[in-house]
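Asks: coordinates only, sequence not included:
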C-alpha cells in the first residue's frame, strides 16, 4: 500500500467566512473533503465547489502534467507529482514545477471575505507554449461523494474567457481568466479514488464533471497567468491580477502578537485558520475538515485563540452570538447543525471564559447583558430540566444513561463507549467554578436572587469534593461517582479540576495528581485518555467509524489535554522557576515531536501506541491550549523582568 502521507503533505488555507482550500500537495485529493474551494454558503454547511483543476504545459519539447488523479489500484493519471520540484505551505500554497526548458510557480489564494479562489501561474520558459487548465467539479456537501447522475441537471454556459456551471439546487461556480480563453468541452471523469476515505471505512470513489478547459499562450521569458473561481458570485467582477495584488498583503500582514519562537509562530498561523470573522458571523471552527462550530470546543478554545492574543472584540462577539442560543440553561452542542442540547459542560465553559474575559477587560456591561442566560443554567437545574440534578453532596449529576454528554462522547450501537453518567469529575469542577462566578456577578450587580442558595452549594461542594473523589490507592481522583459505582479509571479529566480558576483541592493532592498523570498518561504530544494498565485500554486508533469510536477515549492521545496539563502545572507550583523550566521543556519536546513527524498542523488525536496523527488535520483546542500555555509563560517572564 502506498503511504500518501496525508497529515504531512496536506495544505490548508481558510478565509474569514470559514471557506477552505485543501489537498495533498503531492498526490492531489486523497480525501472526499479535499477541495480547492469548499464554501460555507454563509454558515458551516460546507459545499465542495471546485474539487480540483487539471493543469498541464505544452511546448515543442512535450506535454507535461502538473496535476495528479488517483484511480483504483493506485493508478495515477496524469502523474503531475513527478514534475514537482518544491512545495511551500506558508503563507500560501506554492508549487514549483520543473520540466525541460521551463520552471512554473503555481500559487493559490482565497479572498478573505468572498467565496473565491485565485490561482496564479508564473512561467519562466526558454520557449513558447500553452498552459491548459480544466476545472473538475461535483457541487455537493463535503461529507458526501458525488456521482455523475447530478451532471445531467448541470447548466453550462461559456463565453470568451469565462464559464459557469449551475447545479439543480441553483448553486453555481463561475471560472474566469484575465488572459486565457475558455473552450467548452464537457466530459466526465469516472471513479476518482480517495485512499484516505477507504482507510477510514468510507466509500472511496467519486465522479467529477469537466466543463471544458482554458488555454493560455505564453512566450519565451517570464509570464504570469491568473484564474479565478467564484461560488454564487453576486459582486462585480474585477481584474484577477488586481484582486490578487489587493489580497496578497493580507498573508504577510504583521500579527498583533509577536511570536517568540517557531512553535508560537506556527500556532498563531494555525489559530488564524480556525477563526471566522465576517460582517455576519463570528465563530471558531472546531476542526478541519469535517467539524463545524461546537459549544464545548469554542469556549475551551477562546482563551488561546482570542484572549491570549488580546483579540477581545472577537471574544465579545462570540459570547453575545452564542448567548442567543441558550435554551433551558443549556447551549446546543453544535451551533448550526441540528442544535441538539446534549452537552453538559458547554454552558459552563461559556461562563468560565466569560469570567476570564471580564477579568482581562472589565467589560461588566457584557456580563450584565448575559447574566439572565447564565442564571437560567442554575434555575433550569433546580427545576429538574435536562436530566440534571443536584445531589445531597452538592454535586451535579447527569442522569442520562443513553447519551454521552461530556467531551468523551463516543456512542457505538446506541450505547456510550465511556459511560460517565452520574457525577463526572471535571463536571463537578466546572459546576463549582460556575457557582463561584455566578456569585461574583450577582454581588457585583447587587442581585440577591438565589444568592444564599448558591453560597450554600459552594460550601457544600468544598466540604465534599476532595473527600468523595480522592482515590487513595491511585493518588488521584475517581473519574466518575457513578449512579451505581465508583469509576476508578485513571483518566485525564481530573486535570480540569486543577486547571480552572477556582480550586477544590489542596496543593499537596494537586501535586500528587500531576505526578500520577505524568507517570500514567503523559506523552510528548498529549495525554492518553486511559492508563495503559487498564484492561479496557486500546492503543490503536484506526479503521472504520466503529473501530475508531471504540478507541476514541480509551487510550487515544489528545494534544489539547497537554495544554491543560501544562497550565495546571504552572498554577499548582505557583509559577516557580522550576515549573516554568519544566513547562518550557515539555513544549520543546512537543515541538520536536511534531517536527520529527513532519506535521504542519496540530491534529485532533494521535494513536496511543504508535503515536501517529489521526482525526482532523487541524483541531482548534489542540492549538488553543498550547497558545494559552505560552501566554502564561509570557506573563511570568514579563513579571520577572519588571
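Replies: Yep, that arrived. Being a predicted model, the structure only gives us computed values, none of them experimental.

Asks: ok, residue 283 to residue 410 distance?
Replies: Applying Cβ to Cβ, to the nearest Å, the value for residue 283 to residue 410 is 24 Å. For the C-beta atoms, the positions are set from N, CA and C on the backbone; glycine is no exception.

Asks: Phi, psi for residue 87 please.
Replies: Per-residue torsions, residue 87: phi -140, psi 140 (degrees, to the nearest 10).

Asks: For it, give me its contacts.
Replies: For residue 87, the contact set (Cβ atoms under 8 Å, 6 or more residues apart in numbering) comprises 11, 25-26, 93-96.

Asks: Identify the bridge partners of it.
Replies: residue 95 (DSSP bridges).

Asks: Just the pLDDT at it, thanks.
Replies: Note for residue 87: predicted pLDDT of 98.

Asks: do the same with residue 468
Replies: We note a pLDDT of 97 for residue 468 in this prediction.

Asks: Spell out which helix or strand contains it, please.
Replies: Using DSSP states H and E, residue 468 falls within helix 451-469.

Asks: Can you name the next helix or strand after that helix?
Replies: Next along from helix 451-469, by DSSP H and E: strand 470-471.

Asks: Partner strands of that next one and their direction?
Replies: Under the rule (DSSP bridges), strand 470-471 has strand 476-477 (antiparallel) as partners.

Asks: Do you have the helices of the stretch 401-550 of the chain handy? List them.
Replies: Per DSSP state H, counting those that start in this stretch, the stretch 401-550 of the chain carries helices over the ranges 425-444, 451-469, 495-499, 507-520, 545-551.

Asks: go on, the stretch 251-400 of the chain?
Replies: With DSSP H, counting those that start in this stretch as the criterion, the stretch 251-400 of the chain has helices spanning 262-274, 295-305, 312-323, 346-361, 364-382.

Asks: quick one: average confidence on the second one?
Replies: For helix 295-305, the mean per-residue pLDDT is 98.

Asks: other SSEs contacting that helix?
Replies: Contact here means 3 or more Cβ pairs under 8 Å, 6 or more residues apart in numbering; DSSP states H and E; on that basis helix 295-305 packs against helix 262-274, strand 282-284, helix 312-323, helix 346-361, helix 620-641.

Asks: Quick check: can you name the pairing partners of the second one and their directions?
Replies: Which is strand 282-284. Strand 282-284 sits in its sheet next to strand 275-277 (antiparallel), going by DSSP bridges.

Asks: Please compute how far the strand it pairs with lies from its chain's middle.
Replies: Put simply, strand 275-277 sits 12 Å off its chain's centre (Cα atoms, centre = their mean, to the nearest Å).

Asks: neighbouring contacts of that strand?
Replies: Under the contact criterion Cβ under 8 Å, 6+ apart, strand 275-277 has outside partners 16-18, 40, 282-285, 293, 305-306, 314.

Asks: Quick check: which helices or strands does the helix holding residue 468 pack against?
Replies: For helix 451-469, the packing partners by 3+ Cβ pairs under 8 Å, 6+ apart come out as helix 425-444.

Asks: And the helix it packs on, what's buried?
Replies: Buried residues in helix 425-444, defined by neighbour count with 16 or more other Cβ atoms under 10 Å: 425-439, 441-442.

Asks: Ok, stretch 381-401 next?
Replies: Using 16+ other Cβ under 10 Å as the test for burial, stretch 381-401 gives 381, 385-388, 390, 393-398.

Asks: Hmm, residue 108 is touching residue 121, no?
Replies: No - the criterion here is Cβ atoms under 8 Å, and residue 108 misses it with residue 121 at 10.4 Å.

Asks: Any figure for the gap between residue 88 and residue 25?
Replies: Plainly put, residue 88 is 9 Å away from residue 25 if you go by Cβ to Cβ.

Asks: Neighbour count: these two, which is higher?
Replies: residue 25 (19 against 14; other Cβ atoms under 10 Å).

Asks: Touching, that one and residue 11? I think so.
Replies: Yes - taking Cβ under 8 Å as the definition, residue 25 is a contact partner of residue 11 at 5.4 Å.

Asks: Show me the common contact partners of these two, please.
Replies: With contacts defined as Cβ under 8 Å, 6+ apart, the residues shared by residue 25 and residue 11 are 87, 89, 93.

Asks: Not counting residues beside it along the chain, what's closest to the last one?
Replies: This points to residue 93. residue 11 (4.4 Å; Cβ to Cβ, 6 or more residues apart in numbering).

Asks: Dig out what that neighbour forms beta bridges with.
Replies: Applying DSSP bridges to residue 11 gives these bridge partners: residue 23.

Asks: residues in contact with it?
Replies: With contacts defined as Cβ under 8 Å, 6+ apart, residue 11 is in contact with 21-23, 25, 87, 89, 93, 600.

Asks: of those, buried ones?
Replies: Burial by neighbour count, 16+ other Cβ under 10 Å: within the contacts of residue 11 this picks out 21-23, 25, 89, 93, 600.

Asks: Near the nearest residue to residue 632 once chain neighbours are set aside, how many residues? Count them for me, please.
Replies: Spatial nearest neighbour of residue 632, excluding adjacent residues (Cβ to Cβ, 6+ apart): residue 570 at 5.4 Å. By other Cβ under 10 Å, 20 other residues sit near residue 570.

Asks: Pretty sure residue 581 is one of the things residue 570 touches, is it not?
Replies: No - counting by Cβ under 8 Å, residue 570 does not reach residue 581; the two are 10.9 Å apart.
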